[in-house]
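Undergrad: predicted model follows, preceded by the sequence.
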Amino acid sequence: MNTDLVLTAEVQDALREGRPVVALESTIISHGMPYPQNVQTAREVEDIVRAHGAVPATIAVLHGQPRIGLNPDDLELLGTEKDILKLSLRDLPYAVALGRHGATTVATTMRLAALAGIAVFATGGTGGVHRGASATFDVSADLTELAQTNVAVISAGVKSILDIGLTLEKLETLGVPVLGYGSSEFPAFYSRESGFAAPLRVDSAQEVARVMQAKWALGLSGGVLVANPIPAEAEIPNHEIAPIIERALADMDQEGVSGKDATPFLLGRIVNITGGASLTANIALVKHNAAVAAQIAVAYANT
Ligand code: PSU
Ligand code: MN
């Protein structure tokens, strides 16, 4: 068994030379979007990172190897193969030990990125405290990872499939700076508005880079969460998406879905109910996050 990280030459060279690199997750490919949009989006997101002057490093476990940077065939495999594990942090050693394929969640991608020396990571939305968590204890490992691993995560906030208020409270407890990017409102993934204020606000990639530098220079370990609202022309307003999310949550209860299957079930259900409109929004926000993340990685490399 070999637990070493496997980096592509492109990523390895960039890291050695101190050039900007942006990590990208793979659960969104295998469990977050349908085929073929998942693979196409993964490719386009990598192109956007490059166009903004950084090197993309999509992260996954293939044949039990933690891989930092993937080729187009790898992306296709992650988007089409049926038995790709969803790897939260607890599942990582299992996939490595048994030689399995696995798509990494935000938590696991953060950890592997940090091990590789990558400080900036773009995703769609992070996990958080699920609604009803006081009974189910369903709180994403993304939050505990943000508490301990030194990576800045660029996301479009969190979906209201979660309890946004409790998620923000938990992030405060865990000491994670939450930065509204050009926004005083904390965004809600499909929507620019959540009804919750962003705890802190920044207005440039340089400001994010300085917060990262200050946090780690102070010896504070853990991540920084950048909440980047979906572009206005792509958003689904809260009053439209809220009842759809309620319906998806009711369907989930009825079908008895819980645990690691909750987020993939809800995303798929929302795509069905909206006739694909939520997928279009999801793709737009991921691309926007990739562009902003690349700008942050460039600024951070220059600090
Ligand atoms: N949010 C999305 N799409 C996704 C996810 C979140 O819009 O695919 C994925 C991310 O990989 C995130 C994971 O880390 O779901 C959270 O899963 P859980 O709630 O089981 O921790
Ligand atoms: Mn969970």
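TA: The structure has been received and is ready for your questions. Ligands and ions are numbered 1, 2, ... in the order given.
Undergrad: name the nearest residue to residue 35, ignoring sequence neighbours.
TA: Distances taken as Cβ to Cβ, 6 or more residues apart in numbering put residue 79 closest to residue 35, at 5.3 Å, once the chain neighbours are dropped. C-beta coordinates here come from the backbone N, C-alpha and C atoms, glycine included.
Undergrad: what's the answer for residue 200, then?
TA: Using Cβ to Cβ, 6+ apart, the closest residue to residue 200 is residue 179 (5.1 Å).
Undergrad: need the contact list for the one you found.
TA: Contacts for residue 179 (Cβ atoms under 8 Å, 6 or more residues apart in numbering) come out as 198, 200-202, 207-208, 211, 224-227.
Undergrad: at 10 Å what do you get?
TA: Shown in contact with residue 179 (Cβ atoms under 10 Å, 6 or more residues apart in numbering): 152, 154, 186, 198-203, 207-208, 211-212, 224-228.
Undergrad: just residue 51 next, same as before
TA: Contact analysis of residue 51 by Cβ under 10 Å, 6+ apart lists 290-291, 294.
Undergrad: same check on residue 83?
TA: With contact set as Cβ under 10 Å, 6+ apart, residue 83 has these partners: 30, 100-102.
Undergrad: before we move on, back to that, make a PyMOL selection of the buried ones in the contacts of residue 51.
TA: Burial among these is assessed by 16 or more other Cβ atoms under 10 Å; the matching PyMOL selection reads:
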select buried, resi 290+291+294
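Undergrad: wait, which of the contacts of residue 51 is closest to ligand 1?
TA: Nearest to ligand 1 among those is residue 290, at 13.9 Å by Cβ to the nearest ligand atom.
Undergrad: phi, psi of the closest one?
TA: phi -60, psi -40 (degrees, to the nearest 10).
Undergrad: residues near residue 45, how many?
TA: Using other Cβ atoms under 10 Å, residue 45 has 25 neighbouring residues.
Undergrad: tell me the pLDDT of it.
TA: Per-residue confidence (pLDDT) for residue 45: 98.
Undergrad: next one: it from residue 165, what distance?
TA: With distances taken as Cβ to Cβ, to the nearest Å, residue 45 is found 30 Å from residue 165.
Undergrad: same check on residue 190?
TA: In this view, residue 190 and residue 165 are 18 Å apart by Cβ to Cβ.
Undergrad: quick one: which of the two has more around it?
TA: Neighbour tally, residue 190 and residue 165, criterion other Cβ under 10 Å: the higher count belongs to residue 190, 29 against 13.
Undergrad: figure out how far the strand or helix carrying the residue nearest to residue 35 is from the centre of its chain.
TA: Residue 79 is located in helix 72-80, with elements delineated by DSSP states H and E. Between the mean C-alpha location of helix 72-80 and the chain-wide mean there is a distance of 18 Å, by Cα atoms, centre = their mean, to the nearest Å.
Undergrad: what is the following helix or strand past that helix packed up against?
TA: Per DSSP H and E, helix 72-80 leads on to strand 85-87 as the next helix or strand towards the C-terminus. Contact here means 3 or more Cβ pairs under 10 Å, 6 or more residues apart in numbering; DSSP states H and E; on that basis strand 85-87 packs against helix 27, strand 55-62, helix 92-97, strand 102-104, helix 106-116.
Undergrad: how about the fourth one against ligand 1, any contact?
TA: The one in question is strand 102-104. No: Strand 102-104 does not reach ligand 1 (Cβ under 6 Å from any ligand atom); its nearest approach is 7.3 Å.
Undergrad: avg pLDDT for that strand?
TA: Mean pLDDT, strand 102-104: 98.
Undergrad: same check, this time on the shortest one
TA: Mean pLDDT, taken over the full extent of helix 27, equals 98.
Undergrad: whether it contacts ligand 1 - can you check?
TA: Yes: residues of helix 27 are located near ligand 1 by Cβ under 6 Å from any ligand atom, namely residue 27.
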